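Trainee: Have a look at this prediction, sequence included:
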Amino acid sequence: MSMTPQLDLLAPWPSIAPARIGRRQSSLADAVPAYASGSDTSEAAALSMTRDAPLLREDVLRVLARHPEGLTSDEIADELGQSVLSIRPRTTELKQEGLIVDTGTRRENKSGRMASVVGLASAKGAAA
């Protein structure tokens, strides 16, 4: 059974994943996290995160408030005891809403690759 009618009513975020269906929500709190169009497992996972995603976004903002220098997604995940796979999409959503920004700094992450450091948008504005 397809969940598309439910998702259409909840209006998932087309700006995060261009292949998705629906309309952009007026608030992050009401949004269904991004999912791959045509993938029932991705759609189900997005629906399962509908309750948790807003809480994780709040947690990310709280962690970044304690770290004005900014953190990578891996560092945020470590601090929260969460998987980076749950945190990266939340940082993308927060960046798209203008609540956090890429600081321009890069640090090596656990996989050995360089990762973007993000910080609160208000902290960057205050430093400028």
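Mentor: Arrived safely. Numbers count the residues shown, from 1 in each chain.

Trainee: what's the domain layout of this structure?
Mentor: Using automatic domain parsing, the domains assigned to the chain come out as 4-49, 52-127.

Trainee: what's the least confident stretch among the ones you listed?
Mentor: In terms of mean pLDDT, the lowest-scoring of those is domain 4-49 (a mean of 52).

Trainee: Looking only at residue counts, what's the top helix in this protein?
Mentor: helix 52-66 (DSSP state H).

Trainee: what's it packed up against?
Mentor: helix 73-80, helix 84-96, strand 100-108, strand 114-120 (3 or more Cβ pairs under 8 Å, 6 or more residues apart in numbering; DSSP states H and E). Quick note: C-beta positions are derived from backbone N, CA and C, even for glycine.

Trainee: Could I get the CA-only coordinates of that helix as CSV?
Mentor: This file holds the C-alpha atoms of helix 52-66, laid out as CSV (Å, rounded to 0.1, in the frame of the first residue of the first chain):
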residue,chain,number,x,y,z
ASP,A,52,12.0,12.5,15.8
ALA,A,53,13.4,14.9,13.2
PRO,A,54,12.1,18.1,15.0
LEU,A,55,13.6,16.9,18.3
LEU,A,56,16.9,16.1,16.6
ARG,A,57,17.0,19.6,14.9
GLU,A,58,16.4,21.2,18.4
ASP,A,59,19.2,19.0,19.8
VAL,A,60,21.6,20.1,17.0
LEU,A,61,20.8,23.7,17.7
ARG,A,62,21.5,23.3,21.4
VAL,A,63,24.8,21.5,20.8
LEU,A,64,25.9,24.3,18.4
ALA,A,65,24.9,26.9,20.9
ARG,A,66,27.5,25.4,23.3
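
Trainee: Buried residues of that helix, list them for me.
Mentor: 53, 54, 56, 57, 59, 60, 63, 64 (16 or more other Cβ atoms under 10 Å).

Trainee: hey, what's residue 106 bridged with?
Mentor: Listed by DSSP bridges, the beta-bridge partners for residue 106 are residue 116.

Trainee: closest to residue 39 out of the helices and strands packed on helix 52-66?
Mentor: Proximity to residue 39 (Cβ to Cβ) singles out helix 84-96 among the helices and strands packed on helix 52-66, at 14.9 Å.
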